[in-house]
Structure formats: C-alpha cells, structure tokens
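*Asks:* Quick one, structure for this:
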Amino acid sequence: MRIHVTGSTPCTCLASCTASDRELGVGHMQHPVWGVILLLTVCSSHATAGRHLTQGSATNLPTAANNSSVASSTGMIDSNSSAVATGDSNTGFPGYPLSAGLLAPELVVLLSAIQEQRLYNDSKTAVDLVLKAPASDVASAYQSVTTVPSTSGTSRISLDRGQLHWFVNRTMDPAGSDLIQCQAPDWQPKPPDFLPRLTAAADSGSDAAAKDLLQFGLAVHNLWGLLCRQVSPNVSAALQQHSLLPLPNRTIVPGDRFRETYYWDSYWIVRGLLVSGMNDTAASLLDNLFAMLERVGHVPNGARVYYLNRSQPPLLSAMVRALYEASGAATQLPLLQRALPLLVTEHQYWTRPPKALNISDANGNVHSLSRYWADWYQPRPESYREDSELARNVTGTSSPTNSAAAQLYHELSSGAESGWDYSSRWFADGKTLGTIRTSQIIPADLNGWLYQMERNIAWAANLTGDGATSDRFNKAAAARKEAMDRLLWDNTTVMWRDGILSSLTNSNGTTSQGNGTDGTNQVYMLALNPGISASNFIPLWAGLSEGDEAQGARVVQSLQDSGLISASGIATTLYRTGQQWDYPNGWPPLQHMLIEGASQYGGDIGHLFAAKMARTWVMMNMRVFNRDGHMHEKYDVSQAEGGYGGGGEYAPQIGFGWSNGVVLDLLNTYF
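*Replies:* All right, here's what the predicted structure looks like:
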C-alpha cells in the first residue's frame with residue numbers, strides 16, 4: 001500500500017497496480033490546510049514482503065520509547081516501560097510480541113487520537129483492528145496527513161472524526177477480520193446420547209415439558225457453530241500487524257466483543273462441549289491454552305498481546321480433569337503427561353511474590369495465600385478511554401507518570417485479572433470504582449481455586465506415576481486449606497470471606513499499615529471483608545468441605561439464608577452499585593459452581609438446593625431465549641421472568657460461550 005500527497009498529479013502507484021487492485025478503488029480526502037487531494041491506493045502486487053505504506057521524506061512519529069512526553073501525555077502504551085516486567089521489550093515472549101497492531105509504540109499518537117475522538121463506542125474495537133501494513137509505514141502515512149507547512153517549517157494538525165475514520169479504513173482491516181469462522185468437524189446436528197433422559201422423556205411423552213427443554217438444548221448446542229473460530233494464517237505471517245495471538249487450533253470464543261479465546265470462560269465452554277460430544281474440539285481448546293502457557297509462563301487473560309500482563313481465575317487443571325474423566329482414562333494418559341509440567345509452571349506463577357504473600361494468623365503462625373496482581377500500571381488498552389476518564393476524575397490526571405494514577409491503573413488491571421471486573425468486593429467504600437484496591441485483597445475464591453489446582457496436580461501426578469510431585473502438591477493443598485481455615489473461614493456466618501490486608505510486621509517487630517507493596521519478605525495480617533458475595537461460597541465447589549459433609553450442609557444453608565437467592569437465580573452480591581459483578585446480575589459460572597458444589601459436598605440439603613436452583617436457572621434461560629433468541633453473558637435475576645444483565649463498562653453481550661456450557665451441563669445433569 002502506498003500513500004501519495006499530490007496536487008493535480010495522479011497517483012503514480014495506480015499505474016503499477018493490477019486490474020483487481022484498481023477495483024479496490026482510490027480513497028480521497030481533502031487535506032484540511034493545503035486543499036490538495038490525498039490519494040490512497042491498495043496495491044497488492046507490491047506485497048511480496050508484506051503490504052507497505054510509503055510517502056515522501058517525512059520522518060517517523062515520536063514513540064513512547066523515545067519521547068516520554070508523548071507517552072505521558074496520552075497515557076498510551078509504552079512497551080519499554082517498567083510496567084512490562086516480563087518478556088523482552090522488543091520481541092516479547094517466544095512467538096508473541098508485547099506490542100503489536102495499533103499498540104506498536106510508533107502508533108501511540110494515532111491510537112490516542114482514535115480513542116479520544118471516540119471513533120468506536122467500544123475502546124476494545126480500536127486495539128483489535130488489523131494493520132494492512134507494518135506499523136512504521138502506517139505511522140509515516142499518519143504523519144504525512146497531519147503535517148503541514150508553517151512559518152517555522154512544519155507543524156502538526158489534528159484530523160477531525162470523519163477524516164480520522166477515512167484514514168483508519170484505508171490503513172486497517174476491521175476488528176475480528178483475522179479470525180475465520182469455522183465448523184468443528186466433531187459437531188453433529190443431534191449428537192448420539194445427547195441429553196439422554198430428556199430425549200427418552202420427550203420420546204415417551206411422559207413429561208410435557210421435556211420436548212420444549214430438549215428443543216432448547218439442541219438450539220443451544222447449535223450455537224457452537226456460530227462461536228467456532230480459527231486464527232487466520234496471516235497472523236503468524238505478520239505478527240506485528242495484529243494484536244491477536246497466533247493459536248495452533250480452532251477454538252470456541254465467548255461471543256460478541258469477546259471475539260478471541262478467554263481463559264476462565266473456557267472451563268464452562270469445555271463442560272458444554274463435552275455434553276455436545278465435541279471432545280476433540282474441547283481438546284483443541286485446551287491445546288491452545290497449553291500453547292500460551294508454554295510461551296508466557298501463565299495462561300493470559302485472553303489471546304491478545306494486551307492481555308499478556310495478567311491471567312484469569314486458574315481453572316486449567318479443572319478443564320484437564322473434566323476432559324480426562326469424560327473421554328476415558330485409557331485414551332487420555334498423554335493429556336495428563338503433557339499437562340502436568342505446564343500446570344506446575346502455572347502454579348508457580350500464582351504462588352510466588354508478588355502474587356503470593358506471607359500472612360500471620362492470630363497465633364503468629366505464618367501462611368502463604370495468593371491475590372490478583374496484574375503487571376500493569378497504565379490504562380488497559382482495551383478500556384483506554386474508560387480508565388483514563390476514571391483516573392482524571394479520581395486523581396486529577398490520566399498520566400501514568402503520576403503515582404496515584406499508575407496505582408489506580410494497576411488496581412483496575414488486577415481487578416480484570418479476577419474476572420470480576422468490576423464489583424463492590426474490590427472497593428474500599430463498597431460502592432465506588434474509584435476506590436478500587438484489588439491488590440490489597442486476599443480473595444477466598446482464588447485461593448479455593450488454587451487449592452483445587454493443587455489437588456488436581458497431585459491427582460494427575462499420581463496417575464502418571466510421579467509420586468514425588470503428587471506428595472508435594474498434596475502437602476501444598478493441605479497447607480492452603482489450613483491457611484484458609486485459619487484466615488478466611490468465618491465460623492459465625494458459615495462462609496469463607498475475602499481478607500483485606502490491614503497491617504504488616506516489620507523486621508523490628510513493630511506493625512505499620514501495609515498494602516502488599518513493601519517487599520516479598522514482609523508478613524501481613526488480615527481483616528475479613530464483611531460483605532456478602534457469591535464468591536464467599538465458591539470454596540465449597542473447590543472442595544474445601546470434602547470429607548466434612550456436615551460443614552458442607554451448613555455452608556449450603558448459609559447460602560440459602562444469605563439474601564443472594566433471587567427470583568430467577570443467585571445474585572452476585574447484595575449491593576446495587578451499577579457494576580456488572582454486583583446486584584441484580586446473576587452470572588452463569590457462579591450458578592454452576594454453587595449448584596455443583598452444593599450437590600457434591602452439601603449432603604441432602606445440598607442435593608435439594610442444587611436441583612431447585614438448576615431448574616430455576618435453566619427455565620429462566622429458556623424463557624429469555626424464546627423471547628429474544630439469544631443466550632446472554634449475564635442475567636438480571638431480580639425478575640422471575642428473567643432478562644439480560646447490565647451495568648459495567650460495556651454493552652450487554654450475546655453468544656455466549658459460558659452461558660451455553662452451563663445450560664447444557666445443567667440440562668444433562670438435572671433433567
């Protein structure tokens with residue numbers, strides 16, 4: 001691709017283009033000062049080494065790497081800053097660049113203009129755009145159209161919204177264009193043994209509702225075809241032009257704006273795929289997560305370069321176990337052999353500082369528990385505008401060079417790592433996003449999942465004949481359970497609670513206020529968060545009450561008495577803050593974990609509760625689906641008839657991977 005700034009002279013590149021190239025057309029834009037026409041022509045015949053943008057003798061734009069004033073004034077991404085503490089600042093991790101697509105340092109000014117002009121309603125759209133040429137060429141072209149003569153030589157001008165849109169359309173392909181919709185080869189219109197009890201009831205006519213439920217289940221099963229994606233080969237061929245990570249296999253995406261693979265969503269997608277008999281597709285999805293874990297040392301939040309600085313709730317071991325148990329032990333031993341060393345690597349990521357902290361109980365015994373801690377101190381690229389505006393409102397500036405703004409950005413990114421972005425759980429005042437303090441909280445659910453991971457690693461090691469690793473992780477699980485019993489369990493209300501870092505013990509024995517940033521050898525103390533949240537009961541699903549049915553039954557009763565049980569599901573919290581991980585929203589993964597946990601560990605009361613809530617959730621989902629034709633990311637559980645949920649920083653989403661998986665698994669288990 002070439003761009004020429006001319007008066008009446010025709011584009012010289014046009015003569016060398018093929019007829020098919022000319023059919024792509026020539027873009028025209030009146031230069032805002034010179035009054036000449038800018039001609040942009042796509043010339044694919046010059047793409048032997050990738051498509052390029054060329055122009056006269058214009059110099060490169062200032063970059064975040066060589067011009068700190070640009071980086072600090074825009075708040076955009078500096079790939080060489082201390083915010084990126086892992087990987088190489090130029091090449092990133094093996095096979096993954098740290099800055100690519102519009103996040104390339106030389107495009108910082110262009111991306112800032114796109115976000116500040118609100119070219120897209122969703123900030124994520126901009127950073128998912130695909131460059132048609134290397135970033136340096138796009139930067140040169142942008143400088144050409146924004147540079148004009150002045151009395152002192154040249155000066156920079158700003159493009160208006162329409163002109164900027166014109167430039168973007170001619171230098172970039174749409175968000176998502178580097179993903180190819182696919183058809184999973186193991187998908188069938190009606191799989192053998194699909195929802196067998198419902199099928200039998202529908203065929204016999206013994207249950208009047210069975211036919212409707214079976215049709216609903218098949219409709220949800222059919223949605224996998226709409227969510228199947230394969231990364232385009234163009235991504236590997238030109239990594240720096242895409243923010244998308246190259247993945248080896250097809251995948252199932254959540255849907256809508258979440259057009260790429262996400263970590264914790266994938267657990268419930270896998271559970272649904274197994275009900276659909278799509279074990280091969282589930283294995284392909286796991287293989288993609290393995291590939292990212294191998295290169296990065298953790299499973300990123302999602303398959304984008306801007307997600308490499310954080311992870312999400314660590315459920316990979318649970319996926320491995322689900323696939324193994326659904327597919328038959330004899331055929332899945334290679335899965336465990338491949339997964340085991342990778343799961344150990346992931347465990348190290350979550351159990352080393354700064355994610356892991358030393359915490360003292362009331363008796364002076366020191367334990368290790370983990371927290372969310374994103375390696376990021378700038379606006380999240382996918383939420384740049386929202387983060388910047390919040391920082392300006394809270395700290396008076398959006399510049400990441402300001403320590404208060406940088407800390408706010410860190411807390412926002414850490415909150416995104418939790419998957420609960422955002423919730424009153426993370427707010428110091430319990431209601432306002434500007435008081436977010438994610439990294440000062442020891443979450444009950446996270447440590448429950450890590451306990452589950454440790455148990456799963458021990459299980460996998462035992463099956464593969466690695467007794468030493470099995471013993472080591474059984475001991476790690478026992479230590480974590482003891483820590484949670486002593487530090488996070490509230491016996492009065494019969495639930496686990498998040499712990500808030502309240503003080504630290506100094507080397508001289510004195511105590512002072514601390515927030516977990518004072519060094520890896522400090523010992524901290526906790527105060528329990530008094531709030532009521534569905535997360536307080538997630539450790540039940542993770543197995544913390546295994547072997548103690550009486551405790552499990554008490555936890556289920558506590559959940560029923562908590563106020564979270566609503567008209568059409570389990571509310572996320574009791575607090576109406578306007579955030580999406582608060583009341584009145586109910587989230588599919590929370591329903592599934594609490595239902596399954598109650599059933600497995602809550603005795604008779606747990607079985608009754610699980611059956612009731614499974615039916616409540618599925619029937620509400622079916623009513624909403626029949627009404628509007630969609631499965632939603634989250635639901636409003638305050639209404640008996642149900643409806644899609646709202647709140648948060650983006651519009652309600654449809655699709656939807658984990659919603660589909662939860663409904664299919666509940667239909668298979670409880671109907």
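*Asks:* what element comes up after the helix or strand hosting Leu390 heading to the C-terminus?
*Replies:* Counting by DSSP states H and E, the element that carries Leu390 is helix 384-395. Sequence-wise, the next helix or strand downstream of helix 384-395 (DSSP H and E) is helix 403-417.
*Asks:* Other residues contacting that next one?
*Replies:* Residues outside helix 403-417 that contact it (C-beta atoms under 8 Å, 6 or more residues apart in numbering) are 301, 309-312, 371-374, 376-380, 383, 387, 390-391, 394-395, 397-400, 421-423, 426, 434, 436-439. C-betas here are computed from N, CA, C, even on glycine.
*Asks:* again, 7 Å this time
*Replies:* 301, 309-312, 372-374, 376-380, 387, 391, 394-395, 397-400, 421-422, 426, 436-439 (C-beta atoms under 7 Å, 6 or more residues apart in numbering).
*Asks:* what do you get for stretch 662-671?
*Replies:* 195, 197-198, 213, 217, 220-221, 268, 271-272, 275-276, 588-589, 591-592, 611, 614-615, 617-618, 621.
*Asks:* pLDDT value on His28, please?
*Replies:* His28 is assigned 38 on the pLDDT scale.
*Asks:* From Pro192, how far off is Gly217?
*Replies:* 14 Å (C-beta to C-beta, to the nearest Å).
*Asks:* Mind checking which of those two has more residues around it?
*Replies:* Legend: neighbour count by other C-beta atoms under 10 Å for Gly217 and Pro192, higher for Gly217 (26 against 7).
*Asks:* mean confidence score for the one helix or strand that one maps to?
*Replies:* According to DSSP H and E, Gly217 maps onto helix 210-222. For helix 210-222, mean pLDDT rounds to 97.
*Asks:* picking that back up, so for the helix holding Leu390, what's the average pLDDT?
*Replies:* 97.
*Asks:* how close does Gly328 get to Leu335?
*Replies:* Per C-beta to C-beta, Gly328 is found 11 Å from Leu335.
*Asks:* what does Ser177 give?
*Replies:* 33 Å.
*Asks:* do Glu106 as well
*Replies:* 43 Å.
*Asks:* more neighbours, those two?
*Replies:* Neighbours were counted for Glu106 and for Leu335 using other C-beta under 10 Å; Glu106 has more, 23 against 19.
*Asks:* nearest residue to that one other than its sequence neighbours?
*Replies:* The shortest distance from Glu106 to any non-neighbouring residue, by C-beta to C-beta, 6 or more residues apart in numbering, is to Ala139 (4.2 Å).
*Asks:* who does the host helix or strand of the one you found touch, helix- and strand-wise?
*Replies:* Taking DSSP H and E as the definition, Ala139 sits inside helix 135-145. Where contact means 3 or more C-beta pairs under 7 Å, 6 or more residues apart in numbering; DSSP states H and E, helix 135-145 is packed against strand 2-6, helix 161-171.
*Asks:* Please repeat the previous calculation with a cut-off of 10 Å.
*Replies:* strand 2-6, strand 37-41, helix 108-116, helix 161-171 (3 or more C-beta pairs under 10 Å, 6 or more residues apart in numbering; DSSP states H and E).
*Asks:* mean pLDDT lowest for which of those?
*Replies:* Looking at the helices and strands packed on helix 135-145, the bottom one is strand 37-41 with a mean of 36.
*Asks:* and the contacts of stretch 662-671, which are buried?
*Replies:* When these are checked for burial by 16 or more other C-beta atoms under 10 Å, the buried set is 195, 198, 213, 217, 220-221, 268, 271-272, 275-276, 588-589, 591-592, 611, 614, 617-618, 621.
*Asks:* Now, these that are in helices?
*Replies:* In this view, these that belong to helices under DSSP state H are 198, 213, 217, 220-221, 268, 271-272, 275, 588-589, 591-592, 611, 614, 617-618, 621.
*Asks:* now the strands for the stretch 401-550 of the chain?
*Replies:* Secondary structure of the stretch 401-550 of the chain (DSSP state E, counting those that start in this stretch): strands at 441-442, 489-490, 495-496, 499-505, 511-512, 523-528.
*Asks:* how about these, which one is nearest Gly547?
*Replies:* strand 489-490 (15.3 Å; C-beta to C-beta).
*Asks:* Can you spell out which helices and strands pack onto the closest one?
*Replies:* Packed against strand 489-490 by the contact rule (3+ C-beta pairs under 10 Å, 6+ apart) you find strand 495-496.
*Asks:* hmm, who's touching the strand it packs on?
*Replies:* Residues outside strand 495-496 that contact it (C-beta atoms under 10 Å, 6 or more residues apart in numbering): 443-445, 447-448, 484-485, 487-490, 528, 532-533, 535-540, 542, 544, 554-555, 558-559, 562.
*Asks:* can you tell me which residues contact Tyr307?
*Replies:* So Tyr307 contacts 243, 245, 260-263, 292, 296, 299-301, 374, 376, 380-382, 413, 416-417 (C-beta under 10 Å, 6+ apart).
*Asks:* same thing with Leu289?
*Replies:* Here Leu289 is in contact with 247, 251, 261, 263, 266, 270, 299-300, 303, 315-316, 319-320, 339, 342, 346 (C-beta under 10 Å, 6+ apart).
*Asks:* And it, how far from Gly657?
*Replies:* From Leu289 over to Gly657 (counting by C-beta to C-beta), the distance is 14 Å.
*Asks:* list residues touching both of these two?
*Replies:* The contact sets of Leu289 and Gly657 overlap at 251, 261, 266, 270 (C-beta under 10 Å, 6+ apart).
*Asks:* pLDDT value on the last one, please?
*Replies:* Spelled out, that is Val270. 98.
*Asks:* can you check the second one too?
*Replies:* For Thr261, the pLDDT comes out at 98.
*Asks:* Quick check: chain neighbours aside, which residue is closest to it?
*Replies:* Ala303 (4.3 Å).
*Asks:* Give me the below-cutoff pLDDT ranges for the stretch 401-550 of the chain.
*Replies:* The model of the stretch 401-550 of the chain has pLDDT under 70 over residues 504-520.
*Asks:* Isn't Ala238 up against Ala100?
*Replies:* Yes: counting by C-beta atoms under 10 Å, Ala100 is a contact partner of Ala238 at 9.2 Å.
*Asks:* Between those two, which has more neighbouring residues?
*Replies:* Remark: of Ala238 and Ala100, Ala100 carries more neighbours, 25 against 18, as counted by other C-beta under 10 Å.
*Asks:* Pull the contacting residues for the more buried one.
*Replies:* 79, 92, 127, 131, 135, 235, 238-245, 304-306.
*Asks:* Next, it: phi, psi?
*Replies:* Here is the backbone geometry of Ala100 (degrees, to the nearest 10): phi -150, psi 170.
*Asks:* rewinding a little: are any of the contacts of Leu289 buried, and which?
*Replies:* 247, 251, 261, 263, 266, 270, 299-300, 303, 315-316, 319-320, 339, 342, 346.
*Asks:* one step back: which of the contacts of strand 495-496 fall in helices?
*Replies:* 444-445, 447-448, 484-485, 487, 538-540, 554-555, 558-559.
*Asks:* Just give me the closest of these to Arg352.
*Replies:* Asn447 (14.7 Å).
*Asks:* residues near the closest residue to Arg321 other than its chain neighbours, how many?
*Replies:* Once flanking residues are discounted, Arg321 sits nearest to Asn456: 5.4 Å by C-beta to C-beta, 6+ apart. Number of residues near Asn456 (other C-beta under 10 Å) recorded here: 25.
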